[in-house]
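>>> I would like the atomic coordinates for the input below:
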Amino acid sequence: MPKLKRSETDERPTDFVEALDRGLRLLQCFGANAGPMTLSDLARVAELPRATARRMLFTLQRGGFVSGDGKLFSLTPHVLTLAASYLRSNQLVAVLQPVLDRVATAANEISSLAVLDGDDVVFIARSSPARMFSGGLEIGYRLPAFCTSVGRAMLGQRDDADLLVRLKAMKREALTPQTQTDPKALLARIAADRAQGYSLVDREAEPHFRSISVPVRRYDDVIVAAINMGAHVDRVPVQELIDRFLPLLREGAESVRTQLL
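Numbering: from 1, shown residues only. From the prediction side, this is the model:
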C-alpha cells in the first residue's frame with residue numbers, strides 16, 4: 001500500500017481542515033487489504049483513534065462512499081466518481097488519449113500514459129488494439145518511479161544533485177532480480193536516459209516485461225508526464241522496442257507539446 005499523504009499543516013495551519021484530511025486518509029486505507037475491513041483495522045492503518053475512525057466511517061457511509069454493517073466496511077462504486085472527476089478534468093488525458101489510440105493502433109500494442117505522484121508513477125490513461133486482450137496496467141495502477149521507464153523518463157527533469165537526494169530518500173525495494181536499487185547507479189541510468197531522450201527498462205519492474213517510454217513536455221519544455229509501450233520479453237526483443245516503438249512514441253509526445261499548458 002502506498003504511504004498515506006499528510007497535508008502540509010506547517011505551511012498553512014489556518015487553512016488546514018483536519019477532519020477532511022482524516023476522512024481522505026481513511027478512504028486510502030481500504031487498499032491495505034482485499035475485501036471489507038474492520039473498524040479496528042482501518043483505525044490502525046490510518047493512525048487514528050478508534051472513535052474518530054468510527055465517526056469518519058459513518059460520515060462517509062452517509063455520503064455513499066462507504067458501506068458497512070457496523071463491523072465490516074468497504075468502499076462503494078460511488079468512490080469512482082472522484083476518479084472520474086479527475087480524468088474528465090485532466091488536460092493530459094484529454095489531449096493524449098487520441099495519441100495513445102493512434103500509437104497503439106500503429107504498433108498493435110498497448111500504450112499508456114503516466115504521471116508522477118510522490119515517489120510513484122500512476123497510470124491515468126491507456127489504449128490497446130481492438131483485437132488485444134485489455135490486461136496489464138489498468139488506470140490508477142501504481143508502481144515505484146525509480147524502476148519504471150515512465151518514472152525514469154520523468155525523473156530526468158531534475159538536475160543530478162537534486163535527483164540523487166531524491167533517489168536516496170526513496171524507498172527502493174527490488175521488485176525483481178534485475179531491479180537496480182543503488183542510488184548512484186540509478187542516477188547514472190537516468191542521466192543517460194535524459195541525454196538520449198527515452199528510457200528503456202528491462203525486467204526491473206516486472207520479471208517478464210520490458211518497456212520503453214518518452215517524456216511528455218508542455219509548451220515551455222517542462223516534463224508533465226510520460227507515455228510508454230511494453231511487451232513480454234519472450235515476444236518483443238529490446239531492439240524492436242527501439243526500432244519500432246520509440247519513433248511512434250516520440251512523434252506522439254512531440255505532436256501535443258504546443259497543446260499542453
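
>>> only C-alpha atoms for contact and neighbour calcs from this point on.
Fine.

>>> Pull out the buried residues from the least confident helix or strand in the chain by mean pLDDT.
Using mean pLDDT, DSSP states H and E, helix 80-89 stands out as the lowest-scoring helix or strand of the chain, at a mean of 86. By 16 or more other Cα atoms under 10 Å, the buried positions in helix 80-89 come out as L87.

>>> for stretch 115-125, same thing?
115-116, 119-125.

>>> can you give me the strands in this protein?
All strands of the chain, identified by DSSP state E, fall at 37-38, 66-68, 72-75, 111-117, 120-127, 142-144, 199-202, 209-217, 223-232.

>>> Just give me how far the least confident helix or strand of the chain sits from the chain centre.
How far helix 80-89 lies from its chain's middle: 15 Å, per Cα atoms, centre = their mean, to the nearest Å.

>>> And for it, what's in contact with it?
For helix 80-89, the external contacting residues (Cα atoms under 8 Å, 6 or more residues apart in numbering) are 93-94, 124.

>>> and T258, how far is that from R152?
Per Cα to Cα, to the nearest Å, T258 is found 23 Å from R152.

>>> Number of residues surrounding D221?
Neighbourhood size, D221 [other Cα atoms under 10 Å]: 11.

>>> swap in R210?
Other residues close to R210 by other Cα under 10 Å number 24.

>>> now D182
By other Cα under 10 Å, neighbour count at D182 equals 11.

>>> Check V238 too.
16.

>>> could you list every residue that touches L261?
Counted by Cα under 8 Å, 6+ apart, L261 has contacts 218-219.

>>> 10 Å - rerun?
L261 is in contact with 91-92, 217-220, 222, 224, counting by Cα atoms under 10 Å, 6 or more residues apart in numbering.

>>> which among those residues end up buried?
Buried among those by 16+ other Cα under 10 Å: 92, 217-218, 224.

>>> could you pull out the helices for the protein?
Along the chain, counting by DSSP state H, helices occupy 18-29, 39-46, 50-62, 80-89, 91-107, 149-155, 160-169, 183-196, 238-240, 246-255.
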